[in-house]
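Undergrad: Here is a sequence together with a model predicted from it:
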Amino acid sequence: MRSVNSLRLKDLGEREIIRKLLELIPEPKLTRSNRIDDAVLLKDFDLVVSCDAVCDITDKLPGMKWADLGWKLGVMCVSDVASKGACPLGTLISLNAPSELEMEVVEEFYEGLVEASREYGFEIWGGDLGEAPRFLASLFMLGKVKRRFISRRGAREGDLVLVTGKFGLTGAAYHLLLRGGQAPSEHVRNTIVQAAYRPRARLREGVILSEIDGVSSSIDSSDGLAESLYQLCDVNQIGIVLERVPIAQEAIEYAEYNGIEPLELALYGGEEYEIVFTVRRSSLDEVLDRLLSIGCRAEVIGTVIKERGLFLKVEDQVQPIERRGWEHYSRSRNRNKYLGANLCTW
């Protein structure tokens with residue numbers, strides 16, 4: 001019988017909920033990877049599995065089309081698979097929706113998912129349909145490791161920390177769409193909104209990274225750059241000192257126009273599907289050259305250190321970076337102080 005003083009999910013937060021559930025679940029025998037990784041590697045098959053979900057009330061931004069939401073769900077899973085050095089093969093989808101929802105909405109959502117499947121080369125194998133009070137779609141994805149699986153675990157002191165792109169666009173879009181911010185130009189508005197509505201996964205980049213032995217760990221940045229770096233610190237029991245944070249020019253222009261610190265948007269915006277990874281110093285040139293060959297200008301942003309924590313070097317001072325980012329069931333659902341909760345209706 002449950003106690004009247006039983007903790008609610010909102011009292012715990014996502015990370016603590018996961019920790020408690022893992023204590024209940026027997027250690028799997030068919031997997032070779034960390035159970036809190038982006039995707040799980042199945043022994044002897046070189047297959048990875050991942051899953052993710054979207055709900056209209058938390059994921060459908062104002063002005064966002066249902067096709068955009070379907071596209072985004074596909075990208076979310078592809079990004080997890082790609083950050084492990086794998087290519088997506090196919091998916092199963094579980095869709096739950098109210099009986100009063102128009103069929104056109106469901107069709108449009110599937111059209112977006114099909115677009116993503118064509119873009120990233122995965123099949124849609126089937127799934128399940130059920131009735132629920134809100135629109136909720138969950139995607140299970142199976143992928144194939146191209147050369148080797150890149151775990152979150154593997155970084156060590158002295159490794160370099162790199163990212164596949166710049167940050168801040170989605171954070172700016174959330175501020176614009178949810179907090180009534182103003183864009184300084186039509187170009188800036190279109191760029192940041194497109195980044196939120198139609199994010200891109202770094203699939204080709206992930207495959208290349210899997211081919212380079214000096215890449216020691218990897219994670220995607222969907223929970224926010226700061227939170228993703230903290231997760232690498234946790235699993236590897238290391239620290240990271242950032243020397244720079246690459247911020248998209250449009251995010252800088254938007255932040256300055258609205259009196260926002262650009263670094264806040266870059267560190268805590270989230271929903272940006274770049275790959276954050278660590279590299280042995282001896283492999284840096286190979287990594288940069290290989291990624292540049294497909295048009296990706298990866299950037300070194302910091303160094304792995306022995307002392308636990310995440311820090312930012314500003315001139316000669318090293319300052320701790322606060323741990324904030326997206327966490328389901330958190331008491332404060334804000335990614336940063338400039339962004340509100342995403343509560344959208346049909």
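TA: Great, that's in hand.
Undergrad: Could you list the low-pLDDT ranges of this structure?
TA: 1-5, 14-15, 18, 25, 28-39, 41-44, 325-346 (pLDDT under 70).
Undergrad: Tell me which stretches of it form strands.
TA: Remark: strands assigned in the chain by DSSP state E are 40-42, 47-55, 86-97, 123-131, 136-145, 160-163, 215-220, 239-242, 275-279, 299-305, 309-314, 317-320.
Undergrad: so of these, which one's packed in deepest?
TA: strand 275-279 (a mean of 27; mean count of other Cβ atoms under 10 Å). C-beta: built from backbone N, CA, C; applies to glycine.
Undergrad: Give me the helices and strands touching that one, please.
TA: Packing contacts for strand 275-279, counted by 3 or more Cβ pairs under 8 Å, 6 or more residues apart in numbering; DSSP states H and E, involve strand 160-163, helix 203-210, strand 215-220, helix 225-236.
Undergrad: got the contact list for that strand?
TA: The contact list for strand 275-279 (Cβ atoms under 8 Å, 6 or more residues apart in numbering) reads 82-83, 150, 154-155, 159-164, 202, 205-206, 209, 212, 214-221, 225, 228-229, 232, 287, 304.
Undergrad: looking at it, V75 is touching Y197, isn't it?
TA: No: V75 lies out of contact with Y197 (Cβ atoms under 8 Å); the separation is 10.9 Å.
Undergrad: the more surrounded of these two?
TA: Between V75 and Y197, counted using other Cβ atoms under 10 Å, V75 has the larger neighbour count: 25 against 20.
Undergrad: how's this structure carved up into domains?
TA: The chain breaks down by automatic domain parsing into domains covering 31-145, 160-320.
Undergrad: Tell me which of the ones you listed sits nearest to G13.
TA: For these, proximity to G13 was assessed by Cβ to Cβ; domain 160-320 is nearest, at 12.0 Å.
Undergrad: The closest one: how far from the chain's middle?
TA: 11 Å (Cα atoms, centre = their mean, to the nearest Å).
Undergrad: just to revisit the earlier point, want to throw the helices and strands packed on strand 275-279 into JSON lines with distance to S6?
TA: Below are the helices and strands packed on strand 275-279 laid out as JSON lines (distance: least, Cβ to Cβ, whole Å):
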{"stretch": "strand 160-163", "distance to S6": "40"}
{"stretch": "helix 203-210", "distance to S6": "41"}
{"stretch": "strand 215-220", "distance to S6": "33"}
{"stretch": "helix 225-236", "distance to S6": "27"}
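Undergrad: Indicate which one of those is closest to L169.
TA: helix 225-236 (12.1 Å).
Undergrad: tell me the angle that closest one makes with strand 309-314.
TA: 130 degrees (axes from the mean of the first three to the mean of the last three Cα atoms, to 10 degrees).
Undergrad: Can you name every helix or strand that helix 225-236 contacts?
TA: Packed next to helix 225-236, using 3+ Cβ pairs under 8 Å, 6+ apart, are strand 215-220, strand 239-242, helix 262-268, strand 275-279, strand 309-314.
Undergrad: Could I get these in TSV, plus columns for distance to P98?
TA: Output for the helices and strands packed on helix 225-236, formatted as TSV (distance: least, Cβ to Cβ, whole Å):
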stretch	distance to P98
strand 215-220	31
strand 239-242	44
helix 262-268	33
strand 275-279	37
strand 309-314	42
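Undergrad: Quick one: closest of those to E115.
TA: strand 215-220 (20.1 Å).
Undergrad: what's around D159, how many residues?
TA: 26.
Undergrad: try S228
TA: With other Cβ under 10 Å as criterion, S228 counts 24.
Undergrad: now S117
TA: Neighbours of S117 (other Cβ under 10 Å): 19.
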